[in-house]
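Enquirer: have a look; sequence and predicted model below, questions after that.
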Amino acid sequence: MITNNGGFQSDFSGGGGIYQRSQTYTPSSPSNYPPQQPNYPPQQPNYPPQQPNYPPQQPNYPPQQPNYPPQQPNYPPQQQQDYNRANTYMPNPPNPYLNQQPYLTHAPPPYGHANTIIPPPYPNYPPQPPVPPVPYGRTNTYMPPPPVMPPVNPNIPAPIIRAPTAPLPMPGIVPYPTDFNPEHDCQILHSAVHGLGTDERAIISVIVNRNGPQRAEIRRRYKCMYGKDLIERLKEDTSGNFKDVISGMFMTPAEYDAVCLYKAMKGLGTNEGVLIEIIGTRGPTQLMAVKATFRQIYNEDLEKWVKGDTSGNFRKLLIAILQCNRSMNTVADPAMCQADAQALYSAGEGRWGTDESTFIRIFANRSPAEILMINDCYTRLRGKGLLHAIEKEFSGDIRKLLETIVRGMMNLPGYFAMRIREAVQGLGTNDSKLVRVIVSRSEIDLGLIKQAYRTNYHRDMLYDVRDDTSGYYREILTGLISRC
């Protein structure tokens, strides 16, 4: 029989049973327990078996100490032990949440999440960290707090985390090199064109690996060091399309546009495609800079030159755009756009003939966001967009200019990808168009143009340009495209 009253535990099997030590008990108050005799004889190695007629227990066996503290009356009964295990009994610590009802701090979570069980607040109960989410398939599972991380080893350097100090550059912008030295670049360029022969690859290396502001600083510093304009010096030792590319790359965007417009209208005849491409795709701020630069370089009025080299409704639309009065609204007014769509229909497809003044007024003054909404409203009204109306109602240069405005405001990189495709497609290459697009967009969105080219034509723009060019002209164009 097993007893749990604080004394010894023994088992006697009848009068002659075998005594068995079933459990070693460690009392909670060792000071009141009689100490073991110091000269207790050790067990003999060949202990004889116990006689069958084992004498009964002596009557003078020492009783249990009277002052031994009794067991607590409310202590839960001891669980039945497994005597096939070790003899030392280690009780589990009591669980304060064993019989406690769950306490939900909020409504049941959605399907797939477990209910977070939080014990009710107790006085002087320390605050607990938030319980992490329970994996799917478990419910009401106690999640222990996260383990304490070991202290940081001072001998191991911590990872360096740097927050971005500036937004990433747009595709087409060459990152600013940390080792930029304008004087050193000026010396390289001067050595490339000084003396017999020209080192074209040294020129290409400087141009391709510098962005617009850096090239402008190189040009300014070169004149201070050698007393001559860098562009004029490079033109003396280069020729052809390669000369057009390197001279354009050392100009500012407004200066390059002004030079292209001047060349398009200079002498007999006019290259209307250049006027359509530049005036039809630049914003009001850019056009104001172009007009100022045109007057500064040539001491002429750009509007006067445009008026003298164009005619008809094409001239009216160009002059209206050059007033730089286009709206800058990024959010369109639906009511106004609906009224403009109706006005365009009444002035074009909805009548006999065409009222060009309505088209000029709307296309020269509405912002890109407004043109997009007008196109959507017109599509809902007629089932086809503005490009269909322009194609049906106009022809010649004014039709090309109106289509350029719509295409440029709907997808500007896609429009310039189309221009590059036109330059390299078929027999021969339109080098002036190819150079103008790549040079003018290299610091703006040439990377986006390359992506649009692949999306629209399923071809690699770099491969097509390389296939249609040659020599140092090919090297500098492919270098500019590769940097985007």
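Expert: Perfect, thanks for sending it. Numbers count the residues shown, from 1 in each chain.
Enquirer: when you work out contacts or count neighbours from here on, use the C-alpha atoms and nothing else.
Expert: Fine.
Enquirer: dump the residue contacts of Asn411.
Expert: Neighbouring residues of Asn411 by C-alpha atoms under 8 Å, 6 or more residues apart in numbering: there are none.
Enquirer: report pLDDT for it.
Expert: Asn411 is assigned 95 on the pLDDT scale.
Enquirer: same thing with Asp179?
Expert: Predicted confidence (pLDDT) for Asp179: 79.
Enquirer: ok, it to Arg221 distance?
Expert: 17 Å (C-alpha to C-alpha, to the nearest Å).
Enquirer: looking at the two, which one has more neighbours?
Expert: When Asp179 and Arg221 are compared for neighbours, Arg221 comes out ahead with 18 against 6, by other C-alpha atoms under 10 Å.
Enquirer: pretty sure the more buried one contacts Cys186?
Expert: Yes: assessed by C-alpha atoms under 8 Å, Arg221 is found in contact with Cys186 at 7.3 Å.
Enquirer: and the average pLDDT for stretch 285-303 is what?
Expert: In this model, stretch 285-303 has an average pLDDT of 97.
Enquirer: stretch 424-431 too?
Expert: Mean pLDDT, stretch 424-431: 92.
Enquirer: list the buried residues for that stretch?
Expert: Buried residues in stretch 424-431, counted by 16 or more other C-alpha atoms under 10 Å: 424, 429, 431.
Enquirer: go on, stretch 217-229?
Expert: Residues 218-222 are the ones in stretch 217-229 that count as buried (16+ other C-alpha under 10 Å).
Enquirer: could I get those as CSV with secondary structure, distance to Ser470 and pLDDT?
Expert: Shown next, in CSV, are the buried residues of stretch 217-229 (DSSP: H, G, I helix; E, B strand; the rest coil; distance: C-alpha to C-alpha, whole Å; pLDDT from 0 to 100):
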residue, secondary structure, distance to Ser470, pLDDT
Ile218, helix, 27, 96
Arg219, helix, 27, 96
Arg220, helix, 31, 96
Arg221, helix, 32, 96
Tyr222, helix, 29, 97
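Enquirer: quick check, nearest of the residues you listed to Lys392?
Expert: Here the nearest of the buried residues of stretch 217-229 to Lys392, counting by C-alpha to C-alpha, is Arg219; it sits at 48.8 Å.
Enquirer: so who does the closest one touch?
Expert: Arg219 touches 186, 229-231, 250, counting by C-alpha under 8 Å, 6+ apart.
Enquirer: over to Gly227?
Expert: By C-alpha under 8 Å, 6+ apart, the contact set of Gly227 is empty.
Enquirer: can you report phi and psi for it?
Expert: phi 70, psi 30 (degrees, to the nearest 10).
Enquirer: just to revisit the earlier point, counting neighbours, which of the contacts of Arg219 end up buried?
Expert: By neighbour count, with 16+ other C-alpha under 10 Å, those hold 186, 230-231, 250 as buried.
Enquirer: for those residues, which one is nearest Lys392?
Expert: Using C-alpha to C-alpha, Phe250 is the member of the buried ones among the contacts of Arg219 that sits closest to Lys392, with 42.4 Å.
Enquirer: for whichever helix or strand Glu370 is part of, buried residues please.
Expert: Secondary structure assigned from DSSP states H and E places Glu370 in helix 368-382. Under the neighbour-count criterion of 16+ other C-alpha under 10 Å, helix 368-382 has 368-378 buried.
Enquirer: just stretch 235-244 next, same as before
Expert: Under the neighbour-count criterion of 16+ other C-alpha under 10 Å, stretch 235-244 has 235, 237-238, 241-244 buried.
Enquirer: and what of stretch 301-308?
Expert: 302, 306.
Enquirer: what's the answer for stretch 387-406, then?
Expert: Burial within stretch 387-406, assessed by neighbour count using 16+ other C-alpha under 10 Å, is assigned to 387, 389-390, 393, 397-406.
Enquirer: what's the closest of these to Val437?
Expert: Taking C-alpha to C-alpha as the measure, Val437 lies nearest Thr404 of the buried residues of stretch 387-406, at 14.3 Å.
Enquirer: Serialize the buried residues of stretch 387-406 to CSV and add fields for distance to Ala320.
Expert: Below are the buried residues of stretch 387-406 laid out as CSV (distance: C-alpha to C-alpha, whole Å):
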residue, distance to Ala320
Leu387, 20
Ala389, 21
Ile390, 18
Glu393, 20
Asp397, 15
Ile398, 13
Arg399, 15
Lys400, 16
Leu401, 12
Leu402, 13
Glu403, 16
Thr404, 15
Ile405, 13
Val406, 16
